[in-house]
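Engineer: mind folding the following:
(2 chains, ligands or ions: 2)
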2 protein chains.
Amino acid sequence: MLERKRCSFDTKQLAEYFNGGQEKLQRIGELADLLHQQEWGNKSRRYYLNRQELYEDALKAALGIWDLIRKKVITMEDAMEARKLVDFPGGLELHIGMFIPTLLSQASPDQQAEWLPKALGLKLIGTYAQTELGHGTFVRGLQTTATYDPQSQEFVIHTPTLTATKWWPGGLGKTSTHVVAMARLFIKGKDYGPHAFVVPIRDMATHLPLPGIKVGDIGPKFGYNGVDNGFLSFNHVRVPLDNMLMRFSKVTAEGEYVPPPPSNQKASYATMVYVRATIVEGAGWALARSVTIAVRYAAVRRQTSAHPGEREVQVLDYQNTAADLLPLLASSYALIFMGKAGMAMYSQFEQDRDRGNFDSLPELHAVLSGMKAVSTNIASDGMEAARRACGGHGYSLLSGLPTTFTHYVQNVTWEGDNNVMLLQTARYLVKQLLAARAGKASGVGSAVYTNNAEAELRQRCPVTCSRDWLDPAMQSAAFRHRSARLCVAATELLAGAGGGQVAFEGPAWNSNTVDLIRLARAHCFFVLHSTFADSVQRLSDEGTLPAPTIAVLFKLVSLFALSIMSREAGDFLEDGYMSGQQVEWARRQYYAMLSALRPDAVGLADAFGLSDYLLNSALGRADGDVYRALLAAAQASPLNETEEGPAWEHTLKPRLNPRARARL
Amino acid sequence: MLERKRCSFDTKQLAEYFNGGQEKLQRIGELADLLHQQEWGNKSRRYYLNRQELYEDALKAALGIWDLIRKKVITMEDAMEARKLVDFPGGLELHIGMFIPTLLSQASPDQQAEWLPKALGLKLIGTYAQTELGHGTFVRGLQTTATYDPQSQEFVIHTPTLTATKWWPGGLGKTSTHVVAMARLFIKGKDYGPHAFVVPIRDMATHLPLPGIKVGDIGPKFGYNGVDNGFLSFNHVRVPLDNMLMRFSKVTAEGEYVPPPPSNQKASYATMVYVRATIVEGAGWALARSVTIAVRYAAVRRQTSAHPGEREVQVLDYQNTAADLLPLLASSYALIFMGKAGMAMYSQFEQDRDRGNFDSLPELHAVLSGMKAVSTNIASDGMEAARRACGGHGYSLLSGLPTTFTHYVQNVTWEGDNNVMLLQTARYLVKQLLAARAGKASGVGSAVYTNNAEAELRQRCPVTCSRDWLDPAMQSAAFRHRSARLCVAATELLAGAGGGQVAFEGPAWNSNTVDLIRLARAHCFFVLHSTFADSVQRLSDEGTLPAPTIAVLFKLVSLFALSIMSREAGDFLEDGYMSGQQVEWARRQYYAMLSALRPDAVGLADAFGLSDYLLNSALGRADGDVYRALLAAAQASPLNETEEGPAWEHTLKPRLNPRARARL
Ligand SMILES: Cc1cc2nc3c(=O)[nH]c(=O)nc-3n(C[C@H](O)[C@H](O)[C@H](O)COP(=O)(O)OP(=O)(O)OC[C@H]3O[C@@H](n4cnc5c(N)ncnc54)[C@H](O)[C@@H]3O)c2cc1C
Ligand SMILES: Cc1cc2nc3c(=O)[nH]c(=O)nc-3n(C[C@H](O)[C@H](O)[C@H](O)COP(=O)(O)OP(=O)(O)OC[C@H]3O[C@@H](n4cnc5c(N)ncnc54)[C@H](O)[C@@H]3O)c2cc1C
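Structural biologist: Ligands and ions are numbered 1, 2, ... in the order given. Got it, this is the predicted structure:
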């Protein structure tokens, strides 16, 4: 494409940086080729599969990767990449992603010795069954019971009500033979709250449900249909004492409950920090994928010429299309950098922890809760916006855009509903502010502004011309100011609602959650932006990437900041922090960045390094040959198996009066 | 539900008003019962069908309704309702929605006499084939040719390039026997641009493509998969002279081209006004459907209690959930009222037209272009927001929410891409302003402010306390001010970009479309809000609805206005029209409306009068028995046909070592 000639920086080098180096990127390419050659890895029919086929083929793909490891064709590290490339979530997803990790984190050494080899050798398949029909967010409200019977030294697992039916666990429907079930532990009538139990649910020889077990698939979903999310109820199912995961809490044979050590909670926070940093980076990559497709297509697609005979305009040259897509490019970059920074913070925390220092944990945990929400919202909304920017062809599954979205968007709900996540961040920030006001200034890291929020409130935006807005420090100051202001306002609101007292749950809290969520979101954008800017600065300082690349990345930082400020200008105007003129400068500079980045748009998409194999998109092909690809793919549609189509013989023919050969 | 006791107004009466009276509403109920009893009308397996089944069953449903008319079980008017209730778009969609209407509007009387009886008697099935692989928005760029051969008095229809392949027409893939094809008319080498031709494409006896025709299905889509959208190419296909639709333009046997009379364009604008008013009301109903499901579920769903033993909170009592859903209720009402007002304006126009007065047409057309975009954007985004507000269960197809969205969201693209539609409105507004400045004040109707925009710019918001914001006139003034300001700003921007000259296409236009779209959107919100407020006022003045109902509707008007103002506060602050304090009052009043409307939320959903049959949702049932419904529906999932599932025998069993009966 001519487009690529216009690019101002070395896209390959940036792609290598993002993908962990030249070797790694090359290895990813080799893996894509390898997978494409496997029957189970060939994606050409993926968009045509019905639910049952999706389910079976997804399992085959997962097992196929398993075999490649066993045969030593690929390493474990390769396998992680291969799972991403094959991109076919199925019945083993939770076995790999939750069952095994839960054993690793919550089973005692003896229990691990017992179950891990079987899990790793696929002698059993497990899933993680926490959510019930009636309870997702509110884990303390789970209703499944595990009653200890000291006589037989067994737990009796039971589903007492309809709403206690386990609901949603991936792979539970038809695949898993075992579950880790969260159930309320009862000993001698006392309720110890939810604990984790390993429960076999299917006969290993017949795969039929064991006595007392009712299990099945919960039906089709928006996306993710290769996965058999399932339901499960227990009718007084007995498991031995040893099936409660006992690394932390314990129950003795006599029925003595040994509570978990306090360090347990810290450890579980730390795990969440790690998982959420992964989600944040994953959000960036997920969005990158849709954006790569849409940006490439918008450079190929031409529509409308003002004068007959003139070449039509590339739709990316309409400012509205650029405004739809380029800020999404910036968001993808911001999220990937944020995810990487989150991982680095986590590593730093691990080092501190080993020296007995847990200080950074609360902040890290609080920020990454909200960041989970903000990142998955940005990615989900961005994917759908990218799809719409492609006009009609974006509605076709062959574009790759619809399924990318429908598979992804569950992320706003699971691993913690986004509203609930943001409220955790808000809770933390308000607490910090209250502590500071009580003379115990404790704000660290990104929340340090809570130590001195009142002073921040008096700040005014120092921008004096449009160019000033290209300074990341000016951008960052604005985001910080917004967070500080909203933090003070939300705290006052809560105090007002509580008659002077701030409560962190109950009616006063629940009826002010809109402003609390607004605060948390503002804080996360502040962190996201400053992390993005700081990361690019570091790459520049360390000489990791050459000047032209750094220059483009800084433009993306500005685009990210200014597109948000333009859209959410009210937040900066309301208290007089910015003037109308300053907002107008920000908006003009935002539009200027759209133009400035336009020549690099395709390059910035290329720099994610996503392969055609991964994208599996007629519109997003690197070579731009979209129309031929669409036609070729469409012809393979199952409806085209016969010329007359599946409804002719029995449905249409009787109506259309076959004897008449009228051709009008 | 206890919820319904809390409601302050007569929901049944409002439902009757919305649905065209008591009799009509009752009839809709009867139809729902009737349809539910038909094999093809039973929806219980709808979410489980694969693509081929969807295609066949959708056809059966359409033919089923056709038969009920033929057998005089239902009237034509009933049939229109039945199509909505069955809600199963299929291969006949375009035959009914475009092919027949196009014959009615563009065929000459002779042509109508020839084709209409066949079309109405289903002796042939047609579709409307305009879009090509390479051209959707830019109709003038279509590449299919129709070359007149005076020798044989035939047109030769041809697809000269890959990108000229027809692409997207509904029912084209496997159902249609005929198309109205848009093709460039060539006579003696001269290009007369796109014209409409009836072209038979399939043999009536065998349903096989006729010689020279390549036709098929374009593959699976985001939604709408009962419809066989198709591709089509012509290899020098000959049709008689008489197959060009000749009500307006004509070609004589000798090859003389007779251009359409100027009134043709006005007529086609008028048709568009009518169609777009329908789309606007349809957007309201589409959104109403998702909102009904989500609001009812949010009243049933309980999650989290602050203290053990306390009843858990209805999620609708979290302010964030109320803020997600109640403004969507308000939007649905606003859109339905807007659609009805649009229809009324159209009728008024028809009366004026019959007296030779076309004055209102340009404004009507311009406003409804943008309104098409704004309404379908509000509905699409709102549907997805409603889905997400339902947490995990909203991700299940059984909730009804995912498919409602995926079927609907194509509306942002087809019947005119939304960006392009908004740019039409912007173009009109800027032209009005320029005319006024040139001393030819011509702004009428909603655009009357362009006559005196500079004076409007000096206005300041007169609100002096939070309560003032409940006055629809204050709300309306703010929206009007915003439009006027953005209109002046966009005009100056264009003038600046064109060196003093305003151009309505080309680079200067194309690189300022973000602000132009912003203007158009602002104008449409102004119209939408004032139409909503005026409609409620009229219902009050005319005594159509009792005071308690009017009171609730006015709260919805305020909620609609204030939720938007809070979100888009920057637009009102930027030029000093509002102060930060006024915005804060608006926001507080917005939250107050959320609380005030909370007890009426379920009632306002009930008042749409949507039947359980239409909703087909485990979450949205009128009786609130959601968990039982979810479990029952899930058990019918095809994956549950066997206990072991479809992958056991061939895929899982070989791995899990069936001989080991280890139960751990
Ligand atoms: C595709 C998918 C896969 C899943 N896989 C698994 C799995 O493998 N294992 C498993 O155990 N579970 C799984 N889940 C379940 C998932 O963890 C839950 O759906 C999730 O925790 C959200 O809970 P919920 O559905 O109960 O939402 P709800 O809590 O019912 O939320 C409904 C609405 O109420 C709001 N809300 C709820 N509580 C509050 C509050 N305190 N304050 C403010 N607002 C509130 C939410 O924001 C939301 O808008 C899966 C879900 C999905 C969609
Ligand atoms: C489900 C479905 C059913 C359909 N059914 C039919 C049918 O029955 N018959 C038929 O003939 N067609 C049908 N269509 C096609 C439909 O009419 C076109 O998709 C639609 O007109 C949009 O055109 P496009 O796809 O070419 O988008 P494009 O014009 O390619 O739009 C791509 C992007 O460019 C932007 N853009 C394009 N032009 C401009 C401009 N001038 N200014 C600013 N931005 C611009 C758009 O906003 C969009 O973001 C159907 C489409 C769908 C999705």
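
Engineer: for ligand 2, what is the nearest residue in the stretch 51-200 of chain A?
Structural biologist: Closest residue of the stretch 51-200 of chain A to ligand 2, Cβ to the nearest ligand atom: A:R51 (22.0 Å). Every residue, glycine included, has its C-beta placed from N, CA and C.

Engineer: pretty sure that residue sits against B:N640.
Structural biologist: No. Counting by Cβ atoms under 8 Å, B:N640 is not a contact partner of A:R51; they are 11.3 Å apart.

Engineer: how about the secondary structure of A:P308?
Structural biologist: Following DSSP: H, G, I helix; E, B strand; the rest coil, we place A:P308 in the coil state.

Engineer: ok, A:R247 next?
Structural biologist: When classified by three-state DSSP, A:R247 comes out as coil.

Engineer: close to ligand 1: what parts of the stretch 551-664 of chain A are there?
Structural biologist: Counting by Cβ under 6 Å from any ligand atom, the stretch 551-664 of chain A comes close to ligand 1 at no residue.

Engineer: any idea how chain A splits into domains?
Structural biologist: Each structural domain of chain A that the record assigns through automatic domain parsing is listed here as a residue range: A:126-260, A:267-442+A:463-605.

Engineer: residues from the stretch 1-150 of chain A in reach of chain B?
Structural biologist: Neighbours of chain B within the stretch 1-150 of chain A, by Cβ under 8 Å from any Cβ of the partner chain: A:47-48, A:50-52, A:55-56, A:59-60, A:63, A:91, A:114-115, A:118, A:122-125, A:131, A:133-138, A:141.

Engineer: recalculate using a threshold of 10 Å.
Structural biologist: Within the stretch 1-150 of chain A, the positions adjacent to chain B are A:47-53, A:55-60, A:62-63, A:66-67, A:90-92, A:114-115, A:118, A:121-125, A:131-141 by Cβ under 10 Å from any Cβ of the partner chain.

Engineer: just the buried ones from those residues, in PyMOL syntax?
Structural biologist: Selecting only the buried entries of those in PyMOL, with 16 or more other Cβ atoms under 10 Å in any protein chain shown as the criterion:
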select buried, chain A and resi 47+48+49+50+51+52+53+55+56+57+58+59+60+62+63+66+90+91+92+114+115+118+122+123+124+125+131+132+133+134+135+136+137+141
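
Engineer: quick one: which of the residues of the stretch 1-150 of chain A next to chain B sit in helices?
Structural biologist: Using DSSP state H to define helices, the subset of the residues of the stretch 1-150 of chain A next to chain B located there is A:51-53, A:55-60, A:62-63, A:66-67, A:114-115, A:118.

Engineer: from those, which is closest to A:H195?
Structural biologist: A:W115 (16.5 Å; Cβ to Cβ).

Engineer: look up the pLDDT of that closest one for me, please.
Structural biologist: Per-residue pLDDT puts A:W115 at 97.

Engineer: not counting its neighbours along the chain, what's nearest it?
Structural biologist: Once flanking residues are discounted, A:W115 sits nearest to A:L103: 5.6 Å by Cβ to Cβ, 6 or more residues apart in numbering or on different chains.

Engineer: so what pLDDT did the one you found get?
Structural biologist: pLDDT for A:L103: 97.

Engineer: how many residues are close by it?
Structural biologist: A count of neighbours around A:L103, defined by other Cβ atoms under 10 Å in any protein chain shown, yields 23.

Engineer: residue contacts, it?
Structural biologist: By Cβ atoms under 10 Å, 6 or more residues apart in numbering or on different chains, A:L103 lies in contact with A:111-112, A:114-116, A:118-120, A:126, A:180, A:196, A:198, A:245, A:247.

Engineer: what of A:G121?
Structural biologist: Counting by Cβ under 10 Å, 6+ apart, A:G121 makes contact with A:66, A:70, B:655, B:657.

Engineer: just put those in a markdown table and tack on pLDDT and secondary structure.
Structural biologist: Putting the contacts of A:G121 into a markdown table (pLDDT from 0 to 100; DSSP: H, G, I helix; E, B strand; the rest coil) gives the following:
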| residue | pLDDT | secondary structure |
| --- | --- | --- |
| A:W66 | 95 | helix |
| A:R70 | 93 | helix |
| B:R655 | 90 | helix |
| B:N657 | 72 | coil |
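
Engineer: and for stretch A:640-649, what's in contact with it?
Structural biologist: With contacts defined as Cβ under 10 Å, 6+ apart, stretch A:640-649 is touched by A:634, A:638-639, A:651-653, A:656, A:658, B:51-53, B:55-60, B:63, B:90-91, B:173-175, B:202-203, B:206-209, B:215-219, B:228, B:230-231.
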